[in-house]
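Peer 1: Sequence first, then the predicted structure, then my questions.
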Amino acid sequence: MNGPVPVARQLAAAALPLELEALMPAPLLLPGESLEAYHLLQQAVFAD
């Protein structure tokens, strides 16, 4: 049950489908936040 997970599946989960990207509005960042940090956090959430 807790065996190894195929790497191809992990990489596929990290990339968002184009359909979802088109539906997401531009992020509203607070002063001092970077767009790069936002995208890294977003990838981590979708990969989980």
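Peer 2: Perfect, thanks for sending it.

Peer 1: Give me the below-cutoff pLDDT ranges for the protein.
Peer 2: Residue ranges of the chain with pLDDT under 70: 1-3, 5-16.

Peer 1: contacting residues around Pro27?
Peer 2: Contact analysis of Pro27 by C-beta atoms under 8 Å, 6 or more residues apart in numbering lists 35, 38. For every residue, glycine as well, the C-beta is placed using N, CA and C.

Peer 1: so it, which of the three states?
Peer 2: Secondary structure assignment for Pro27 (DSSP: H, G, I helix; E, B strand; the rest coil): coil.

Peer 1: Ramachandran coordinates for it?
Peer 2: Note on Pro27: its backbone torsions stand at phi -70, psi 150 [degrees, to the nearest 10].

Peer 1: cool, and the one 5 residues further on?
Peer 2: Comment: the main-chain dihedrals of Gly32 come out as phi 100, psi -10, following degrees, to the nearest 10.

Peer 1: How much space separates it from Glu21?
Peer 2: 25 Å (C-beta to C-beta, to the nearest Å).

Peer 1: quick one: which of those two has more around it?
Peer 2: Glu21 (9 against 6; other C-beta atoms under 10 Å).
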